[in-house]
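> model this:
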Amino acid sequence: MRRMLNPAVSPTEEPLDSRRLQQFLCVAEHSGFSKAAEQLHLSQQALSASVAKLESQLGVTLFDRTGRQVRLTPAGKALRDGASVLLSAGQVLARQVRDAAAAQRRPFVVAHTPAITAEEVHRLLEPVRHGMPDVSVTALQMFPSDLETAVLNGSVDLALRRGTTVPATLAAAVIAYHPLHVAVARDHHLAGHRTIAIRDLRDERFIVWAPPGTSFYTDFILSTCRRAGFEPTLVVNRIQGTTPATAVLDYPDAVAFVTEPPGPALGGTVQIINLTDPPLAPVQGVWLPHTRSAIRDLLTTGDNPRTISPIPRR
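You can find the predicted model right below:
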């Protein structure tokens, strides 16, 4: 049954206790007080009393206790979604305070998906390299499915990906655009072209890194082709995590949209061709809300996202 709150008790505006929030999240994760109490090394009675105090403070019921399992109420779901972010922000703040007192500060960690190359990350970091030359930055590659967890647990300060949709629990902004080009194997029938229009690719197979509906970048490529008047034939690359231009080496009869500069690539095994009126692929920065960072501000603030063309190969 659903526990009824005393209507005579008004909710308070005092700050939420982080320990109670952690205990609430543990109950929500295990859908019950027994397993949560065991994990937290608390008595079930003490844990139940802690959650009751949290409910009293907020003036809401957080769990529906009907049946053997407890279930989150709509209010409980809202608290669960926000509590993990709030606790993570507190951990980040504590780390920033310790870093400020330390002689050697922790590097600012930037993660990026394989769709954004290490060279592109280096150019995106230009405002920090020039504006804060004493800051140490560590760039690392991660798969898109791991980015949100890494940002939430504080191991990554800023995540870069191809996308525009804002994750439910994170803050985000498009910080740059990269013009697209076409990569083909050197023996491909289009390899001799210097420039090509997207509509001229209607009979080609397009390499993507994830099926439609599971990747913004795939959906972006799909919509780009549809705007050009055709439905593309897609093939999902079986090699994940490498530089995008490598995709055509295992599919020499197919093409791939990439952001690397036009010209020979990968020792001449790949040719990258200019597109007329190229689409602009966004770079989205994602970070933990309720946190502040002067380093991040240099990358994510400005009147408009930058359009960054690749440095031509010599």
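> so how far is Arg202 from Ile196?
11 Å (Cβ to Cβ, to the nearest Å). The way it works is simple: take the backbone N, C-alpha and C, and place the C-beta from them, glycine included.
> more crowded one of these two?
Taking other Cβ atoms under 10 Å, Ile196 and Arg202 do not tie; Ile196 has more neighbours (17 against 13).
> wait, that one sits on Thr276?
Yes. The criterion here is Cβ atoms under 8 Å, and Ile196 meets it with Thr276 at 7.2 Å.
> joint contacts of these two?
By Cβ atoms under 8 Å, 6 or more residues apart in numbering, Ile196 and Thr276 have no common neighbours.
> what's the helix or strand for Ala176?
Assessed by DSSP states H and E, Ala176 sits inside strand 171-179.
> helices or strands up against that strand?
Strand 171-179 is packed against helix 118-124, strand 280-287, helix 294-300, strand 306-307, with contacts defined by 3 or more Cβ pairs under 8 Å, 6 or more residues apart in numbering; DSSP states H and E.
> list the buried residues of the third one.
Which is helix 294-300. Ile295, Arg296, Leu298, Leu299, Thr300 (16 or more other Cβ atoms under 10 Å).
> over to the second one?
Of the residues in strand 280-287, those with enough neighbours to count as buried (16+ other Cβ under 10 Å) are Ala281, Pro282, Val283, Gln284, Gly285, Val286, Trp287.
> re earlier: name the nearest of the buried residues of helix 294-300 relative to Arg226.
Thr300 (30.5 Å; Cβ to Cβ).
> now the residue lying closest to Ala185 once chain neighbours are set aside: how far from Ile221?
Of all residues not flanking Ala185 in the chain, Pro252 sits nearest, at 3.9 Å (Cβ to Cβ, 6 or more residues apart in numbering). Distance from Pro252 to Ile221, counting by Cβ to Cβ: 19 Å.
> neighbour count for these two, which is higher?
Shown here are Pro252 and Ile221; by other Cβ under 10 Å, Ile221 has more neighbours (24 against 13).
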